[in-house]
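# here is my input; please provide its structure:
(2 chains)
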Amino acid sequence: MYASNNWKATKKLNINYGVRVSNFAVLGGSDYYVLDDNKNVIDTISQKGSVKNYLNIEPRLSMSFALNNNSSIKASYTRNTQNLHLITNSVTTSPTDKWIMNTNIIKPEIADQVSLGYFRNFNDNMFEFSAEAYYKAMQNQIDYKDNANERDPVIETQLLYGKGRAYGLELLLKKNKGKFTGWVGYTLSRTEKQIDGINQNKWYAARQDRIHDVSVVTMYDVTKRLNVSAVWVYQTGNAVTFPSGKYEVAGQTTWLYTERNGYRMPAYHRLDIAATYKLKHRKRFNSELSFSLYNVYGRENAYTIDFEQSDTDPNKTVAVQTALFRWVPSISWNFKFK
Amino acid sequence: MRKIITAFFTCAILFSCTKEIDIDLNESNPKFVIEGNVSTALGASKVTIHKTINFDESAPYPTVSAALVTITDNTVNQTYTLSEIAAGLYYNSSLLGAEGHTYTITVNIGTEIFTAVSTMPYRVNLDSLVQENLAGTGTGGGPGGPAGTGNITITPKYADPSAFENYYQFVVSRNGVLQNDIFVRSDIGFNGSTSPLPLRVDAEKNDVVTVDMQGIDKAVYNYFFGLNENINQSTATPANPASNFNNGALGYFKAHTTQTKTIIIQ
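The predicted structure is shown next:
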């Protein structure tokens, strides 16, 4: 259910408000579990019909105020609920994500977000600039407990719940007209969680916490038929858990950990280029041919990092990175039928 | 109607590249690693203490000498002082564990004090060891975690008492050499039953395999379960296994029963 209203309060002030009511029913048919305080399964629910109902009200409000013909300020508040949850591990040896639905135990994630932005066009709308800051408070955040087993058939036994926060600043400069178009975007942000039982109950970075995110997209019309483009992206590496030392227990060497997600994968960046050539119009179809090269400078972006015994000194430990793709050239021929 | 068709050709250079990289790991403050055992076997109650080292340093691990180590039997209120018989190894020949007793260890290193408590459960009899050559049938799993990766399966037969929550550790030796595999079991899911999980060990025909069945408490079980996940790098979220020591010491304090049986591999 959704209801919204737009109210033009004054010539310059526009207010939009609404509310969405969402209901999520956890339906029987498959097994659900009841856990005790130590997360042991003490009962299994396998009834038909609704096992649990989650009713959520999501209000939203946004305002935009026109400063003049070219610039405006926008502010908004939104509540969102999420019934599908992403849980990620914190290792670098096999990074895997898992998506899970609400259950009788796993509640919908609720996020309240406020944002404030400044938008401006200039040079006769040739350029567009925006700056937007946001803060998001999140409830019912989920993460694996320490030493979790992600293959456990009752995944709830491996999870802990707490709160989260995300905040950041997004800057965007866009050129819309002319032979040369494109944009530059930069986002500075943090995404963190605080869950009792993880990281000594202190705030820690979520795996997907991306402090810096840069994208540069450029397109140039060389002739009417030939267009070339280049895209460069840069992202802070994922927050991951690395060992900070080592020790021996029960006759075996094991790692010393100091915090959850306290380290970073190496930064991810790459440049892609492409050229597209429009072929002659045909009676029945138009077509274009494009050539592209992914990862022009062959950056070895880390996919996994493993800690291994050194080949030269078995008492020493080294970090070994595996990257998947370097250059990927491709050709595509697109047809549009009339 | 417009249709869009794309003929696509890509030549992914499909090889992965691996290389050693430098990771700027934090220098960690050295932490104390205490391994304390109270056993019903003569001479098996002892404590070792060493320190952690940085990631890029080489073993051996530095031992910790001149610690004051005492173990108190809380049930009869008797305290034993352990003396250092080798660098980082503390021992008292008259300390012999008793079933059902609770023990407290106190370790004094410089100005720091670490304590832990462990209760020795009542002994469950190990009836027999049964060899089954089920190589390649998966990793066991179930309550108690992976059952090792060896080629031979040895099943310890015992009757789990239903009146208690029981936790077990099996320590395996092959031809007198202690094996590193960590086998811990809880009776969650099969309390009172007689069909425990098999242990997978590496052995060959005519090898003499000894299994030491130890009764442990829940905290010790959780510690070794977490340790095993870490060592096998099979956990989603690596962290130090939860120690029963306080004040940030690593390691464990384990009061355990012990009973060994031997089998010759057929």
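# can you report phi and psi for B:Asn222?
With angles defined as degrees, to the nearest 10, B:Asn222 sits at phi -60, psi -40.
# next, count neighbours for the nearest residue to it once chain neighbours are set aside.
Of all residues not flanking B:Asn222 in the chain, B:Ala242 sits nearest, at 5.9 Å (Cβ to Cβ, 6 or more residues apart in numbering or on different chains). Heads up, the C-betas are built off the backbone N, CA and C, glycines and all. B:Ala242 has 15 neighbours, counted by other Cβ atoms under 10 Å in any protein chain shown.
# what sits against B:Ala242?
Contact analysis of B:Ala242 by Cβ atoms under 8 Å, 6 or more residues apart in numbering or on different chains lists A:Asp146, A:Asn147, B:Ala219, B:Asn222, B:Tyr223, B:Gly226.
# now neighbour count, secondary structure and pLDDT too, for those, in a markdown table please.
Shown next, in a markdown table, are the contacts of B:Ala242 (neighbours: other Cβ atoms under 10 Å in any protein chain shown; DSSP: H, G, I helix; E, B strand; the rest coil; pLDDT from 0 to 100):
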| residue | neighbour count | secondary structure | pLDDT |
| --- | --- | --- | --- |
| A:Asp146 | 24 | coil | 90 |
| A:Asn147 | 23 | coil | 86 |
| B:Ala219 | 18 | helix | 95 |
| B:Asn222 | 21 | helix | 91 |
| B:Tyr223 | 25 | helix | 95 |
| B:Gly226 | 22 | helix | 89 |
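# could you single out the nearest of those to A:Ile211?
A:Asp146 (24.5 Å; Cβ to Cβ).
# report the residue ranges of every domain in chain B.
B:32-119, B:126-239+B:257-264 (automatic domain parsing).
# to A:Asp306, which of these lies closest?
domain B:126-239+B:257-264 (8.4 Å).
# span of that closest one from start to end?
Domain B:126-239+B:257-264 has an end-to-end distance of 17 Å (criterion: Cα to Cα, to the nearest Å).
# so where does the closest residue to B:Gly97 other than its chain neighbours fall, helix or strand?
Nearest non-adjacent residue to B:Gly97, counting by Cβ to Cβ, 6+ apart: B:Val38, 4.2 Å away. Assigned by DSSP states H and E, B:Val38 falls within strand B:32-39.
# helices and strands around that strand, which ones?
Contacts defined by 3 or more Cβ pairs under 8 Å, 6 or more residues apart in numbering or on different chains; DSSP states H and E place strand B:32-39 against strand A:245-249, strand B:46-51, strand B:102-109, strand B:112-119, strand B:250-256.
# just the CA trace of that strand, in PDB.
The C-alpha coordinates for strand B:32-39 follow below in PDB (Å, rounded to 0.1, in the frame of the first residue of the first chain):
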ATOM      1  CA  PHE B  32      50.300 -14.500  26.400                       C
ATOM      2  CA  VAL B  33      49.200 -17.900  25.300                       C
ATOM      3  CA  ILE B  34      48.500 -20.300  28.300                       C
ATOM      4  CA  GLU B  35      47.800 -24.000  27.800                       C
ATOM      5  CA  GLY B  36      46.700 -25.500  31.100                       C
ATOM      6  CA  ASN B  37      45.800 -29.100  31.700                       C
ATOM      7  CA  VAL B  38      44.500 -30.900  34.700                       C
ATOM      8  CA  SER B  39      44.300 -34.700  34.000                       C
END
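# what pairs with it, parallel or antiparallel?
Each strand paired with strand B:32-39, and its direction, by DSSP bridges: strand B:46-51 (antiparallel), strand B:250-256 (parallel).
# who wins for proximity to A:Ile142 among these?
strand B:250-256 (28.0 Å).
# low-confidence ranges, the stretch 51-200 of chain A, go.
When residues are selected by pLDDT under 70, none of them lie in the stretch 51-200 of chain A.
# one step back: what is the nearest of the contacts of B:Ala242 to A:His269?
Looking across these and measuring by Cβ to Cβ, the closest to A:His269 is A:Asp146, at 32.1 Å.
# looking at the residue nearest the centre of chain B now. What's its pLDDT?
Computing the C-alpha centroid of chain B and ranking residues by Cα atoms, centre = their mean puts B:Phe224 first, at 3.7 Å. In this prediction, B:Phe224 carries a pLDDT score of 95.
# B:Glu204: neighbour count?
Count around B:Glu204 with other Cβ under 10 Å applied: 10.
# where does the stretch 51-200 of chain B get nearest to chain A, which residue?
B:Ser58 (3.7 Å; Cβ to the nearest Cβ).
# can you count the residues close to that residue?
By other Cβ under 10 Å, neighbour count at B:Ser58 equals 13.
# same question, A:Asn334
18.
# so which strand or helix has it?
With DSSP H and E as the criterion, A:Asn334 is inside strand A:328-337.
# check which element follows the helix or strand bottoming out on mean pLDDT in chain B along the chain.
Least confident helix or strand of chain B, by mean pLDDT, DSSP states H and E, is strand B:4-10 with a mean of 59. For strand B:4-10, the succeeding helix or strand toward the C-terminus, using DSSP H and E, is strand B:17-21.
# right, I'll call it a day here.
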